[in-house]
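> kindly generate the corresponding structure for this input.
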Amino acid sequence: MQRVRMSLPYFKELGWQAEVITVNEQYYDIVKDELLLESIPSDITIHKVEALQKKWTSKLGLGSLALRSLWFFKRKGNQLLKQRKFDLVYFSTTQFPVCILGAYWKRKYNVPYVIDMQDPWHTDYYKNKPKEERPKKYWFSYHLHKYLEPKAMKKVGGLISVSDAYIKTLQESYPKLKEKPAEVITFGAFDVDFNIARAYNKQLPLAYCAEKKINLIYIGRGGFDMRPALITLFNAFKKALAAHPILFNNVQMHFIGTSYAQKGTGIPTIRPIAIEVGVDAHVTEHTDRIGFYESIKNLQSADGLVIIGSNQAAYTASKLYPYILAKKTLLAVMHPESSVVKILGDCNAGFFIPIDKSLDAATQILVDYLIAVEQRKSPETNWKEFEQYTAFYMTKRQVELFNQVKV
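Next up is the predicted model:
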């Protein structure tokens with residue numbers, strides 16, 4: 001959703017007229033943020049489709065929004081494609097089963113389609129993991145995606161992904177994709193969101209409360225794949241706390257929105273690691289998700305920001321750009337080959353600790369970071385270099401790929 005939302009203001013001036021098919025928000029079971037509509041141009045046509053009610057489908061073990069809405073997407077797409085000619089269907093969603101409609105519409109209406117791979121679709125990552133580390137209903141999802149992904153990829157006209165590794169994996173699985181246009185395009189930096197957050201600042205709540213503390217904020221999912229980064233961070237914090245007690249005793253790290261589960265049902269995955277390392281007095285975890293603009297207010301209100309990454313090199317933190325636009329002192333703890341590392345370095349946008357860094361080296365970087373936070377030093381971000389990561393530039397790159405797709 002965020003990719004399309006940030007691109008809609010620019011498609012028209014780049015030569016493409018967009019219409020959107022989406023699920024009516026009444027069928028969502030995630031946190032809703034009505035302010036997101038403020039960023040959508042008024043001339044964009046939006047078609048909202050229905051979905052089966054989750055309260056009924058969950059009795060059959062089916063809660064996926066993609067599966068609940070698939071038939072309604074098909075019906076609306078058929079209606080539009082019968083009425084007039086469209087040049088392209090663009091799937092930009094992590095509700096991947098919907099993407100199989102691309103092959104259907106290609107066969108029925110001869111309209112090409114592009115899929116945006118924001119995450120891996122079919123993956124063996126969790127196959128040999130302990131049961132407690134797997135997503136809920138893993139085996140059903142695993143076999144469903146194993147069946148559906150080849151159908152969607154067979155006739156796809158082009159691929160966009162946030163990670164080069166995702167594209168290479170698909171090309172290895174489906175060699176014919178090597179003949180199709182493919183581009184690595186991360187999410188863009190969209191400063192319009194910060195204008196909206198400022199305009200509604202008074203009505204947006206804070207998700208943490210720790211007065212007279214140095215508040216460090218992370219907003220985003222947790223998960224077992226982030227354990228190496230958290231172990232690195234918390235061990236460095238423990239050592240720094242012993243060496244610099246006056247400075248570090250006053251620090252509180254807040255991890256917010258770490259679970260995709262329904263409100264009040266999320267299982268903590270970050271605080272247990274803090275307890276294990278022995279720094280839990282300085283770590284709070286709020287598993288409930290919060291609204292998008294509430295997130296921005298929390299970023300702007302924090303003393304410093306922290307981004308935690310996966311143990312996979314392919315992981316790209318889409319939240320990076322809002323963190324940079326918040327103009328707060330930033331620390332990333334990531335796999336050394338993550339694209340985040342290059343972006344931070346190119347833009348001089350923050351501190352970085354690789355997940356495989358030695359304890360002494362990681363501790364020193366953490367100390368330098370916290371001194372900068374305490375002194376309220378403004379980041380010396382290279383904004384000229386940062387322009388290539390803006391939403392306009394990323395939309396331009398999407399359009400360039402659209403223009404290469406063959407019927």
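> any idea how far Leu88 is from the nearest residue to Leu65 once chain neighbours are set aside?
Spatial nearest neighbour of Leu65, chain neighbours left out: Gln95 (5.6 Å); criterion: CB to CB, 6 or more residues apart in numbering. For glycine as for every other residue, the C-beta is placed from the backbone atoms N, C-alpha and C. In this view, Gln95 and Leu88 are 19 Å apart by CB to CB, to the nearest Å.
> what do you get for Lys377?
In this view, Lys377 and Leu88 are 46 Å apart by CB to CB.
> pLDDT below threshold where in the stretch 201-350 of the chain?
Flagging of the stretch 201-350 of the chain using pLDDT under 70 yields the residue ranges 317.
> redo that, cut-off 90
Within the stretch 201-350 of the chain, the segments meeting pLDDT under 90 span 205-212, 223-224, 260-265, 291-292, 310-320, 337-342.
> which residue ranges of the stretch 101-250 of the chain form strands?
For the stretch 101-250 of the chain, strands defined by DSSP state E, counting those that start in this stretch occupy the ranges 113-117, 158-161, 182-184, 214-219.
> what is the distance between the third one and the centre of its chain?
Strand 182-184 has its average C-alpha position 17 Å from the chain's average C-alpha position, going by CA atoms, centre = their mean, to the nearest Å.
> then the second one?
When C-alpha coordinates are averaged (CA atoms, centre = their mean), strand 158-161 and its chain have centres 16 Å apart.
> partners of that strand, with directions?
strand 113-117 (parallel), strand 182-184 (parallel) (DSSP bridges).
> quick one on the thing from earlier: may I see the strands of the stretch 101-250 of the chain arranged in TSV, with distance to Leu330 and mean neighbour count as well?
Formatted as TSV, the strands of the stretch 101-250 of the chain follow (distance: least, CB to CB, whole Å; neighbours: other CB atoms under 10 Å):
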stretch	distance to Leu330	mean neighbour count
strand 113-117	26	22
strand 158-161	24	23
strand 182-184	22	19
strand 214-219	10	24
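> quick one: those strands as JSON lines, columns for distance to Glu276 too.
As requested, these are arranged in JSON lines below (distance: least, CB to CB, whole Å):
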{"stretch": "strand 113-117", "distance to Glu276": "34"}
{"stretch": "strand 158-161", "distance to Glu276": "34"}
{"stretch": "strand 182-184", "distance to Glu276": "36"}
{"stretch": "strand 214-219", "distance to Glu276": "18"}
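> mind listing what the residue nearest to the spatial centre of the chain touches?
Among the residues of the chain, the one closest to the centroid is Ser318, at 4.4 Å (CA atoms, centre = their mean). For Ser318, the contact set (CB atoms under 8 Å, 6 or more residues apart in numbering) comprises 2, 118, 162, 186-187.
> of these, which is the nearest to Val367?
Nearest to Val367 out of those is Thr186 (CB to CB; 30.1 Å).
> who's in contact with the nearest residue to the closest one once chain neighbours are set aside?
Excluding the flanking residues, the one nearest Thr186 by CB to CB, 6+ apart is Val162, at 5.1 Å. For Val162, the contact set (CB under 8 Å, 6+ apart) comprises 117-118, 184-187, 316, 318, 339.
> and Asn311, what does it touch?
Counted by CB under 8 Å, 6+ apart, Asn311 has contacts 225-229, 335, 355.
> so which two of those residues are the farthest from each other?
With distances taken as CB to CB, the most widely separated pair in the contacts of Asn311 is Arg227 and His335, at 12.4 Å.
> which one's more surrounded, Lys377 and Leu88?
Leu88 (16 against 10; other CB atoms under 10 Å).
> check the more buried one and give its pLDDT.
In this model, Leu88 is scored at 98, pLDDT.
> distance check, it against Thr94.
From Leu88 to Thr94 the distance is 20 Å (CB to CB).
> also Lys406?
The value you get for Lys406 to Thr94, if CB to CB is used, is 26 Å.
> so if I had to pick from those two, which one is more boxed in?
Between Lys406 and Thr94, counting by other CB under 10 Å, Thr94 is the more crowded of the two (13 against 9).
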